[in-house]
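A.B. asks: Below: sequence and its predicted model.
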Amino acid sequence: MAGQNSRIGKQYNHTRQNRPSNIILPKSQSLSVQSIKTWRDAVQLASLAENPNRAPLMEVYRSITRDLHLKSDIQTRVLKIMGSKFKITDKNGNENTSMHDLFTAQWFNRFLYHSMKAKFWGSSVIELWDLDPDTLELKAANYIPSENILFTEGIITKEVGDEKGYPYKEGSYEPYYIQIGTNNDLGILEDVAPDALAKKFAKAAWVEFSEKYGISPRWVTTDSYNTDRHKELADMMASMINNHWAVLQGNEKIETMNVQGGNAKAIFDELIIRMNSEMSKGILGQDGTTNSNDKSGTYGSLQVMQDVADDRHAADKTDISYIINDELLWRLEEISPAYKGISNYKFNWDESKELTPEELIETVVKLSNAGYQVDIKYLTEQTGIPISEFKQATTIPTSTKDEKKKPNQ
């Protein structure tokens, strides 16, 4: 395969205009109302053994990820990966800074984002096509809409429902495309969607309730049969939302209705809180770190919940490192000479801990007292404090056991 792929640059004019993803026809995103039934039908349609269609399911996902709580939970996992330190090492474990610099670029940041997004949205395909004309380094990592992917056949289609297109799993285009996830993976959002939709319904119902009963229904009674007076009273009632007064005559009076029924806050707000909790459990494995107003947990229980979230972060790191080492590195070497030899190296997460200036100074004091010599230049750079030399600390003499203690004055 390497021999075949090495000829790609000679066989094809590698420009932005002729990349396979350009065949995809632009399509407006639907903002139609989603329900539990539309979610269930969309899952069934996306799970068909023959001619599956993910377009309706993607519409459901786009709708529910507008929920700020769900979006925040997803970003918690995604941003932790995008903000984690990494290093590129050779087979002996030695770090190579020049290779590392090739990954400190916007395209790699987007690659991490799309790779993590696949955990929630399901199987995804990332395109590695655009190269900088001067350096030949990769410029972008593009997401291919899942609606236009036939994952089992490995084909990028022009329109949703097409059965023919460009193959991306084999042949000349294989180095330019990476599939994240298995062919039938519909992502974590498949299970979270019912809770997110239930929350949307609860919020909509609460808004409707507020519109109807936020201002109590009111009416005016009169013994007048004059049509003009009836119109005056109607206009007066209509304007009372802004003007809380009225001019009445004779036996005319205004009354308001006392709304009977359950506690609206308990009905709607508690349902929303429960749905938030369920979504957090689905994304983070716990809900103790997502609601600062919940004081019911002890420090120990909240620490356990944080450990659960950390476990997912560790698992995300493992999955992403497999994708980079097994799928990305050899492709980079095939698509551009700028990455020559990169497949001989390995991507690793940098697990070293950075000390705060206070922790660093405390550690230096302990090391100095133990007889170790600390690099002054390094300490100055890390703390920002100009340090010229180390001076032996003056010890305070302590009383011996045989020394008589003086009585208190």
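C.D. replies: The structure has been received and is ready for your questions.

A.B. asks: From now on I want contacts and neighbour counts done on CA atoms only, so please keep to that.
C.D. replies: OK.

A.B. asks: quick one: the strands in this structure?
C.D. replies: 86-89, 124-127, 142-144, 149-150, 155-157, 165-167, 177-180, 218-221, 253-256, 346-349 (DSSP state E).

A.B. asks: Check which helices and strands the third one sits against.
C.D. replies: For strand 142-144, the contact count by 3 or more C-alpha pairs under 8 Å, 6 or more residues apart in numbering; DSSP states H and E identifies helix 106-121, strand 124-127 as packing neighbours.

A.B. asks: tell me the mean pLDDT over the first one?
C.D. replies: Per-residue confidence for helix 106-121 averages out to 96 on the pLDDT scale.

A.B. asks: Tell me the buried residues in that helix?
C.D. replies: Going by neighbour count (16 or more other C-alpha atoms under 10 Å), the buried part of helix 106-121 is 107-121.

A.B. asks: Of all residues in this protein, which one is nearest the centre?
C.D. replies: residue 75 (2.3 Å; C-alpha atoms, centre = their mean).

A.B. asks: now it: how far from residue 123?
C.D. replies: 18 Å (C-alpha to C-alpha, to the nearest Å).

A.B. asks: now swap in residue 195 and tell me
C.D. replies: Taken as C-alpha to C-alpha, the span from residue 195 to residue 123 is 22 Å.

A.B. asks: Now do the helices in the stretch 251-400 of the chain.
C.D. replies: With DSSP state H, counting those that start in this stretch as the criterion, the stretch 251-400 of the chain has helices at 264, 270-284, 299-323, 329-335, 357-369, 376-383.

A.B. asks: a markdown table for those helices, including distance to residue 23, mean pLDDT and mean neighbour count?
C.D. replies: Formatted as a markdown table, the helices of the stretch 251-400 of the chain follow (distance: least, C-alpha to C-alpha, whole Å; pLDDT from 0 to 100; neighbours: other C-alpha atoms under 10 Å):
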| stretch | distance to residue 23 | mean pLDDT | mean neighbour count |
| --- | --- | --- | --- |
| helix 264 | 51 | 72 | 12 |
| helix 270-284 | 34 | 92 | 19 |
| helix 299-323 | 27 | 81 | 15 |
| helix 329-335 | 21 | 95 | 22 |
| helix 357-369 | 54 | 80 | 13 |
| helix 376-383 | 52 | 78 | 13 |
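
A.B. asks: will you turn these into TSV that also has distance to residue 140?
C.D. replies: Below are those laid out as TSV (distance: least, C-alpha to C-alpha, whole Å):
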stretch	distance to residue 140
helix 264	49
helix 270-284	28
helix 299-323	17
helix 329-335	12
helix 357-369	37
helix 376-383	34
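
A.B. asks: Residue 98 and residue 338: what is the separation?
C.D. replies: Residue 98 is 11 Å from residue 338, by C-alpha to C-alpha.

A.B. asks: Between those two, which is the more surrounded one?
C.D. replies: Of the pair residue 98 and residue 338, residue 338 is the one with more neighbours under other C-alpha atoms under 10 Å, namely 16 against 9.

A.B. asks: In this structure the more buried one contacts residue 133, no?
C.D. replies: No - contact criterion C-alpha atoms under 8 Å: residue 338 and residue 133 do not qualify, at 11.3 Å.

A.B. asks: shaky segments in the chain?
C.D. replies: Scanning the chain for pLDDT under 70 picks out 1-17, 28-31, 213-216, 241-242, 257-263, 289-305, 390-409.

A.B. asks: mind running it again at 50?
C.D. replies: 1-12, 295, 409 (pLDDT under 50).

A.B. asks: Tally up the residues packed near residue 142, please.
C.D. replies: 18.

A.B. asks: what's the spacing between it and residue 106?
C.D. replies: Taking C-alpha to C-alpha, one finds residue 142 at 11 Å from residue 106.

A.B. asks: same thing with residue 347?
C.D. replies: In terms of C-alpha to C-alpha, residue 347 sits 17 Å off from residue 106.

A.B. asks: same question, residue 222
C.D. replies: Counting by C-alpha to C-alpha, the gap from residue 222 to residue 106 is 73 Å.

A.B. asks: Also residue 317?
C.D. replies: From residue 317 over to residue 106 (counting by C-alpha to C-alpha), the distance is 19 Å.

A.B. asks: likewise residue 237?
C.D. replies: Counting by C-alpha to C-alpha, the gap from residue 237 to residue 106 is 60 Å.

A.B. asks: And for residue 68?
C.D. replies: For residue 68, the distance to residue 106 - C-alpha to C-alpha - is 25 Å.

A.B. asks: swap in residue 286?
C.D. replies: For residue 286, the distance to residue 106 (C-alpha to C-alpha) stands at 32 Å.

A.B. asks: cool, residue 193 as well?
C.D. replies: With C-alpha to C-alpha as the criterion, residue 193 and residue 106 are 31 Å apart.

A.B. asks: go on, residue 238?
C.D. replies: 57 Å.

A.B. asks: most packed of the strands of the chain?
C.D. replies: The highest mean neighbour count among the strands of the chain, using mean count of other C-alpha atoms under 10 Å, belongs to strand 149-150: a mean of 26.

A.B. asks: strand partners of that one, parallel vs antiparallel please.
C.D. replies: Paired strands of strand 149-150, with direction, are strand 155-157 (antiparallel) (DSSP bridges).

A.B. asks: Report the distance from the partner strand to the chain centre.
C.D. replies: Its chain's C-alpha centre and that of strand 155-157 lie 27 Å apart, by C-alpha atoms, centre = their mean, to the nearest Å.

A.B. asks: got the contact list for that strand?
C.D. replies: 20-21, 23-24, 148-150, 163-169 (C-alpha atoms under 8 Å, 6 or more residues apart in numbering).

A.B. asks: what residues are up against residue 164?
C.D. replies: Counting by C-alpha under 8 Å, 6+ apart, residue 164 touches 155-157.

A.B. asks: run the last query once more with 7 Å
C.D. replies: Residues counted as contacts of residue 164 (C-alpha atoms under 7 Å, 6 or more residues apart in numbering) are residue 157.

A.B. asks: Distance of it relative to residue 327?
C.D. replies: 25 Å.

A.B. asks: what's the answer for residue 338, then?
C.D. replies: Computed as C-alpha to C-alpha, the residue 338 to residue 327 distance reads 17 Å.
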